[in-house]
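Q: Structure of the sequence below:
(2 chains)
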There are 2 protein chains.
Amino acid sequence: MEFSSKLLERAVNEMSQLPGIGKRTALRLVLHMLKQPKDQTLGLANALQNMRNDVKFCTSCHNISDVALCEICSNPNRLTDVICVVEDIRDVMAIENTSSFKGLYHVLGGKISPMDGVGPHDLNIESLVTKVAKGQVKELIFALSSTMEGDTTNFYIYKQIQQFNITTSTIARGISVGDELEYADEITLGRSIVNRIPFESSLKH
Amino acid sequence: MEFSSKLLERAVNEMSQLPGIGKRTALRLVLHMLKQPKDQTLGLANALQNMRNDVKFCTSCHNISDVALCEICSNPNRLTDVICVVEDIRDVMAIENTSSFKGLYHVLGGKISPMDGVGPHDLNIESLVTKVAKGQVKELIFALSSTMEGDTTNFYIYKQIQQFNITTSTIARGISVGDELEYADEITLGRSIVNRIPFESSLKH
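A: Numbering: from 1, shown residues only, chains lettered A, B, ... in the order given. This is a model prediction of the structure:
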């Protein structure tokens, strides 16, 4: 692609470094910015700079935060002895949206994935084990993706904390609400039968 | 969507103002930036700022440029009396890539589209008419999209410059190179028959 302006070329090149954004999309986005008021582009640039320079990670749960201890960890109304282990902050947001969990989180920052070169020491596992070792945790809920990597990570953490004799659980796998049985895959359907729950408790929600 | 950080929220909001980028995609992009080295995000922000502050539009053809007169307009090897009228700078890039045009361009900045509130006075039509009125232009090539809006714009400009008695042409419509006849639409196929060219001249390319 030949550009008539070096400034434009640099903006397009930088933009196309983002995942899922190729050169053509980047050019389309950048030309759109040039048509919009100047403030909009400068606002975006400024927001990105501020975020990258000043954003913090909660010292306790590793969630993204503006302060040292995030809003969830510093909220006195939350149960401090139940910890939900998640992969990244999007999972925290997703679970928070359901309003069905009142404990704290622990953000691992990824899953163990030897194929991608991610080992246990690249994740926030040590700080989780330390938390459990201090004896303040009653239950650990594993809420990782139901994939090979997610299961591996669950199992690795389980082995690390087994000695401390706390309750561990994993989120239920089963048919999504609103799904038809005939379209469910066999493994999910099988698990949802094995892990069936009393009918009365399904009426509560 | 509930964010645990105002900085993150602002970055996501600004990012999702871009066309085709919703809140979820914006969050994915912003979280990706947080995982990459700091320099990358700051580089992007800086490139956007520089572009928006310093980019110029060529005073003659309205192409994007770093200097007052763009590289194409200031190139002494180009024919100055043939002007190709295009919608935006992406079209200039596309035609330049073909290396088959040695004249100058005139970038309108859009098409006449009453539905979108774009009238002739929102486009760079006046400066084109002025150029033609000065008598320096022999031929005007209309290279706009083959749509209702493109045709309207062509016709509007044609009416404006009719009095100056110059040659006007429009790029050929026909079957794309490599296309099979049976999949071509009727109008395109019809036009390609009406506007057939001598076989000998098709051998030149």
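Q: where exactly do the strands run in chain A?
A: Taking DSSP state E, the strands of chain A run over residues A:56-57, A:64-65, A:82-86, A:104-107, A:139-142, A:167-170.
Q: strands paired with the fourth one, and their directions?
A: Put plainly, it is strand A:104-107. Take DSSP bridges as the rule and strand A:104-107 pairs in its sheet with strand A:82-86 (parallel).
Q: what does the strand it pairs with contact?
A: In this structure, residues lying in contact with strand A:82-86 by Cβ atoms under 8 Å, 6 or more residues apart in numbering or on different chains are A:92, A:95, A:101-108, A:128, A:131, A:137-144, A:157. Using the backbone N, CA and C atoms, a C-beta is placed for each residue, glycine as well.
Q: which stretches of chain A have low pLDDT?
A: Scanning chain A for pLDDT under 70 picks out the ranges A:205.
Q: Can you pull the domain assignment for it?
A: Split into domains by automatic domain parsing, chain A comes to A:6-54, A:70-171.
Q: In JSON lines, list those domains along with distance to residue B:24 and mean neighbour count.
A: Listed next are the domains of chain A as JSON lines, based on distance: least, Cβ to Cβ, whole Å; neighbours: other Cβ atoms under 10 Å in any protein chain shown:
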{"stretch": "domain A:6-54", "distance to residue B:24": "12", "mean neighbour count": "18"}
{"stretch": "domain A:70-171", "distance to residue B:24": "9", "mean neighbour count": "16"}
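Q: Take those and write them to JSON lines, including distance to residue B:196.
A: What follows is the domains of chain A, written out as JSON lines (distance: least, Cβ to Cβ, whole Å):
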{"stretch": "domain A:6-54", "distance to residue B:196": "33"}
{"stretch": "domain A:70-171", "distance to residue B:196": "57"}
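Q: which one of these lies closest to residue B:62?
A: domain A:6-54 (11.9 Å; Cβ to Cβ).
Q: And the closest one, how far out from the chain middle?
A: 25 Å (Cα atoms, centre = their mean, to the nearest Å).
Q: Ok, stretch A:165-183 next?
A: Distance of stretch A:165-183 from the chain centroid (Cα atoms, centre = their mean) equals 18 Å.
Q: Go ahead and produce CSV holding the CA coordinates of that stretch.
A: Extracted in CSV, the C-alpha atoms of stretch A:165-183 (Å, rounded to 0.1, in the frame of the first residue of the first chain):
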residue,chain,number,x,y,z
ASN,A,165,-8.0,-29.0,53.1
ILE,A,166,-10.4,-26.3,51.8
THR,A,167,-13.6,-26.8,49.7
THR,A,168,-13.1,-26.6,46.0
SER,A,169,-15.8,-26.4,43.4
THR,A,170,-16.2,-25.8,39.7
ILE,A,171,-19.0,-23.9,37.9
ALA,A,172,-21.7,-26.2,36.6
ARG,A,173,-21.5,-27.5,33.0
GLY,A,174,-24.7,-28.2,31.3
ILE,A,175,-27.3,-27.1,28.7
SER,A,176,-27.5,-23.3,28.3
VAL,A,177,-30.8,-21.8,29.4
GLY,A,178,-33.0,-21.5,26.3
ASP,A,179,-31.1,-24.2,24.4
GLU,A,180,-32.8,-27.2,22.8
LEU,A,181,-31.6,-30.6,23.8
GLU,A,182,-31.2,-32.0,20.3
TYR,A,183,-28.5,-29.4,19.5
